[in-house]
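**Student:** only geometry, no sequence info:
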């Protein structure tokens with residue numbers, strides 16, 4: 001049997017072993033706790049980084065949205081600038097055509113002025129010639145008269161019988177020759193005066209006819225210029241309407257009520273046929289356009305004050321069909337003449353409404 005000392009020694013060894021095990025377990029627990037704390041700290045740092053990354057992503061998205069909005073605005077401005085440039089180019093082309101017409105008219109006027117100056121010079125030369133011929137005829141007449149008087153005096157002095165000799169000399173062929181010359185010269189002068197008067201009448205008639213033709217051409221030119229001015233005014237108004245339509249499309253939610261009121265007013269005006277419709281105008285009501293008359297639906301008919309000639313109705317109707325409506329997608333009129341971006345959908349809706 002073992003002794004008491006051995007038992008106590010074994011107990012001491014066991015206690016030391018237990019103490020060592022406790023120390024090792026405590027050390028392991030402390031190491032695990034430090035590891036857990038480190039892991040928790042790393043998780044918190046990761047969450048913070050994730051939060052910062054999400055914030056940066058949100059700011060990046062906001063910046064992207066802002067840049068996209070700016071890009072859209074820049075594109076709208078660019079499209080507006082392109083449209084304005086195109087309008088200016090069209091105006092330039094119209095002005096160039098007008099300038100060419102004016103140049104042609106000025107050339108024609110210069111040619112007419114040159115012709116008139118040449119005719120005036122010719123008339124002056126003819127007058128000078130006629131005056132010189134008349135002076136020569138007068139001189140010849142005066143010379144013939146003086147010669148006749150001298151011969152008569154000589155005959156009176158030479159003849160003793162007086163009046164008989166004078167009558168004989170008057171009846172003689174030598175005395176009849178100057179009389180014939182006088183008659184011939186007088187008849188020639190009368191014929192020349194008649195020819196001059198007939199020429200003057202012809203020149204007057206020609207001048208009158210030319211003045212009439214010029215006045216007619218001027219009236220035609222004035223009518224053409226008025227028509228061009230009316231077309232230019234209509235184009236300007238249509239452009240202004242397109243611009244206002246584009247601006248109104250950006251703020252449709254804000255100005256929906258005002259647009260509906262304007263639409264009702266414009267419809268009432270177009271039905272009355274007084275306001276000139278969409279595209280008429282002019283100072284003092286001149287050159288207004290009645291769209292119902294162009295469509296053949298005007299209530300006043302031929303008594304409409306804003307009617308146009310029958311020859312221009314087809315071209316006016318075609319131009320109206322080519323132009324865009326100022327209300328665009330918001331236009332609800334089925335009988336609207338102007339062009340719409342959703343023309344097919346409008347036709348479908350109109351056919352459905354008619355079927356209903």
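**Tutor:** On my side now, so go ahead. Note that the coordinates shown come from a computational prediction; the quantities given were computed from them, not determined experimentally.
**Student:** for the helix or strand hosting residue 65, packing partners?
**Tutor:** Assigned by DSSP states H and E, residue 65 belongs to helix 4-158. Other helices and strands packing on helix 4-158, by 3 or more Cβ pairs under 8 Å, 6 or more residues apart in numbering; DSSP states H and E, are helix 163-171, helix 173-250. Yep, even glycine has a C-beta here, placed from its N, CA and C like the rest.
**Student:** weakest of these in terms of mean pLDDT?
**Tutor:** Across these, helix 163-171 has the smallest mean pLDDT, namely a mean of 42.
**Student:** can I see the domain layout of this protein?
**Tutor:** 170-209, 227-235+265-312, 324-356 (automatic domain parsing).
**Student:** as a whole number, average confidence for stretch 303-313?
**Tutor:** Stretch 303-313 comes out at a mean pLDDT of 74.
**Student:** over to stretch 341-355?
**Tutor:** 51.
**Student:** now swap in stretch 45-56 and tell me
**Tutor:** 94.
**Student:** buried stuff in that stretch?
**Tutor:** Residues of stretch 45-56 classed as buried: none (neighbour count, 16 or more other Cβ atoms under 10 Å).
**Student:** what of stretch 298-307?
**Tutor:** Quick answer for stretch 298-307 (16+ other Cβ under 10 Å): 298, 306, 307.
**Student:** reformat those as CSV; add distance to residue 38 and secondary structure.
**Tutor:** Shown next, in CSV, are these (distance: Cβ to Cβ, whole Å; DSSP: H, G, I helix; E, B strand; the rest coil):
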residue, distance to residue 38, secondary structure
298, 92, coil
306, 91, coil
307, 95, coil
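**Student:** how about these in CSV, adding distance to residue 5?
**Tutor:** Putting the buried residues of stretch 298-307 into CSV (distance: Cβ to Cβ, whole Å) gives the following:
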residue, distance to residue 5
298, 138
306, 139
307, 142
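**Student:** just the residues you listed now: which is nearest residue 88?
**Tutor:** residue 306 (30.1 Å; Cβ to Cβ).
**Student:** so, low pLDDT: which residues of the stretch 1-150 of the chain?
**Tutor:** For the stretch 1-150 of the chain, the stretches with pLDDT under 70 are 1-3.
**Student:** let's see it at 80
**Tutor:** 1-4, 135, 137-150 (pLDDT under 80).
**Student:** now do the phi/psi pair for residue 340.
**Tutor:** phi -120, psi 150 (degrees, to the nearest 10).
**Student:** need the contact list for it.
**Tutor:** 324, 325, 328, 329, 331, 346 (Cβ atoms under 8 Å, 6 or more residues apart in numbering).
**Student:** tell me how far the closest residue to the second one other than its chain neighbours lies from residue 292.
**Tutor:** Spatial nearest neighbour of residue 325, excluding adjacent residues (Cβ to Cβ, 6 or more residues apart in numbering): residue 338 at 3.8 Å. Taking Cβ to Cβ, to the nearest Å as the measure, residue 338 falls 14 Å from residue 292.
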